[in-house]
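K.L.:
prediction below, plus the sequence it came from.
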Amino acid sequence: MTAAPEHAPKMAQASFAERIGPWMPVLLVPVLCVLGFMAIPNTSSWLTLTVSGLAMGMMIFIMASGLTLVFGLMDVINFGHGAFVSVGAFVGISVLLVMGHMTEAPSLMLNLLALLVAVVGAMIATGAMGYAFEKVIVMPVYGHHLKQILVTMGGLIVVEQLIIVLWGPEEIYINRPEALKGAITFAGAALEKYRLVAVAVGLIVFGAMRYVLRRTKIGLIVRAGVQNGEMVEALGYRLRLVFVGVFIAGSALAGLGGVMWGLYQEVITAHMGNQAMILIFIVVIIGGLGSVEGCFIGALLVGLMQNYVAFLEPKAALISNIGLMVAILMWRPMGMIPVVKAK
Amino acid sequence: MSDPILTLDGVFTNIAQYHILQGVDLQVPRRQVTMLLGRNGVGKTTTLRSVIGHWRARQGTIRFDGQDITRMPTPAIARAGIGFVPEDMGIFADLTVEENMVLAAASGPIDPGRLEWIFGAFPPLKTFWTSEAGNLSGGQKQMLSIARAMIEERKLYLIDEPTKGLAPAIISTMARALRELKAQGASILLVEQNFAVAKALGDTANVMDDGRVIWSGPMAQLARDAGLQEQLMGLSLEAH
């Protein structure tokens, strides 16, 4: 067969602005850290706040990562996502309470093992709940945004009430596992052990999600499905099954986030997921719909901004993240790293 | 016609309130290139999309290789052995050329021999193997779109206007690739507005108007009869 013409494009050196453009969102995190360093007079305070901000960001990322995939791949606005956070927290903490002998032992291994069991239990419970939620609540309203908002909001209320029925209406105060209490001192700064664990868990989740999405065929199907689901089906893939799998995975991640968030705040309530949804939606929107990387960067920005502003100007802390969202959307209206166009 | 690979029998398809297909009867013989011709808006694309299952036939039967696929979901239709190249090419712009091809090889890893054959047909795909598909030129995107359908052996290819808006050199490349595909024993249902390409590739032709096939016969007969072309499509295709 005769070869086609090459049609090689003319190569030209891209300008500095063009080369740095794709990296700008990534650079925002160190830029914000540097700004915080300049604004906060004490280095040890800055370090403590930075680790705290990163830890908070990681936990928001874990809770939000599933929602961005559901949003991006399935075009489903799931206001019920917060229900998985709450259920994850309650199931996980219940498991931890059952394993009190392990969490109270001054052994890091035993504590982490108990935490692992709690996290797995929470993820299984919320994954199963996600499956049922998708089948019963979400499936009938695919393609109808207003109905999705209404019906998933209703689902969230029902789940919150079920939590109250099962665990009672009171807040539950919890103790972190023994070895995760307290702080270590580094460069004169007190770094809470639990926050360091949260940073590590967040990095593991981010790495695992990137690996699955970038290096596996199922990840390829998900990324392609976000762009053109009809064509993915025409290639022979049952996107419906992938949808359900993503919904289950997203729900399970929210459950993991719920356990981490509950232990971070040391108190859990039926409404904790609903309350976290504001931060979760901010992160999903500024990150760009469907983008795990954007969600990760957005979560870190939100966590850092919240901590820096709460230290520097406590009254402004409440609006700092809304301000961040407005600024980023004025800069990039589709979010930092959009994978799908807003519909 | 003996045992066609694809048969549409009285197919009606609606898109919202519009009745696009209004009783399409069509047969695609095995190992031939079957042209689907007609003016814009007569239902050619809808016919292909009804076969692949993107739009559901409201009435009528679609049989592929002896199997009724009228109500089958799109993935099952594709796995039965139908490759689809849509009019908008349907490439995944944010994925690399390699990732597009890996995804297209739905039944397993890419066959290296087949990939070399595709690289022979479309060298730019080798050059830009690791580039994002969205950065390719229009012609290169069309090459990728067809290469994706070719990466695995299919019994039938549905190809919608592969030469639309392309330069003559690339059109020749497309035509050669499709001829090669046919030589391998594949059956092709090709929607094409470029009559020179249709004449060069087509074995049989079906002309559509108002959501129906109004004429079927050998492509050569249509190509040499300007009066028939005028009668069927309201213009002389020889002018193209």
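P.N.:
That came in fine, so what should we check first?

K.L.:
how distant is the longest helix seen in chain B from the center of its chain?
P.N.:
Of all segments of type helix in chain B, defined using DSSP state H, the longest is helix B:168-183. How far helix B:168-183 lies from its chain's middle: 13 Å, per Cα atoms, centre = their mean, to the nearest Å.

K.L.:
now the helices for the chain?
P.N.:
You didn't say which chain, so I picked chain A. Ranges of helices in chain A, per DSSP H, are A:16-20, A:24-39, A:43-74, A:81-98, A:100-103, A:108-133, A:145-167, A:193-215, A:217-234, A:239-265, A:272-287, A:292-312, A:317-331.

K.L.:
please go with chain B instead
P.N.:
Counting by DSSP H, chain B has helices at residues B:44-52, B:74-79, B:97-104, B:112-121, B:123-127, B:138-150, B:168-183, B:195-201, B:219-224, B:226-233.

K.L.:
in the shortest one, which residues are buried?
P.N.:
Right, the one you point to is helix B:123-127. Buried residues in helix B:123-127, counting neighbours by 16 or more other Cβ atoms under 10 Å in any protein chain shown, are found at B:Pro123, B:Pro124, B:Leu125, B:Thr127. Every C-beta, even on glycine, is put in place using the N, C-alpha and C of the backbone.

K.L.:
also the third one?
P.N.:
Within helix B:97-104, the residues that qualify as buried are B:Val97, B:Glu98, B:Glu99, B:Asn100, B:Met101, B:Val102, B:Leu103, B:Ala104, counting by 16+ other Cβ under 10 Å.

K.L.:
return the alpha-carbon coordinates of that helix using PDB.
P.N.:
The C-alpha trace of helix B:97-104 is given here as PDB (Å, rounded to 0.1, in the frame of the first residue of the first chain):
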ATOM      1  CA  VAL B  97      -2.800   8.300  19.300                       C
ATOM      2  CA  GLU B  98      -1.500   5.200  21.000                       C
ATOM      3  CA  GLU B  99      -4.200   5.300  23.700                       C
ATOM      4  CA  ASN B 100      -6.900   5.700  21.000                       C
ATOM      5  CA  MET B 101      -5.500   2.600  19.300                       C
ATOM      6  CA  VAL B 102      -5.100   0.600  22.400                       C
ATOM      7  CA  LEU B 103      -8.700   1.400  23.400                       C
ATOM      8  CA  ALA B 104      -9.900   0.400  19.900                       C
END
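
K.L.:
same for it, what does it pack against?
P.N.:
Under the contact definition 3 or more Cβ pairs under 8 Å, 6 or more residues apart in numbering or on different chains; DSSP states H and E, helix B:97-104 sits against helix A:217-234, helix B:138-150.

K.L.:
so that helix versus helix B:138-150, what angle?
P.N.:
Interaxial angle of helix B:97-104 relative to helix B:138-150 (axes from the mean of the first three to the mean of the last three Cα atoms, to 10 degrees): 30 degrees.

K.L.:
mean confidence (pLDDT) on helix B:97-104, please.
P.N.:
The average pLDDT within helix B:97-104 is 96.

K.L.:
got a list of contacts for that helix?
P.N.:
Residues outside helix B:97-104 that contact it (Cβ atoms under 8 Å, 6 or more residues apart in numbering or on different chains) are A:217, A:220-221, A:223-224, A:232, A:235, B:91-92, B:95, B:110, B:115, B:125, B:128-131, B:133, B:136, B:144, B:147-149, B:151-152.

K.L.:
great, nothing more from me.
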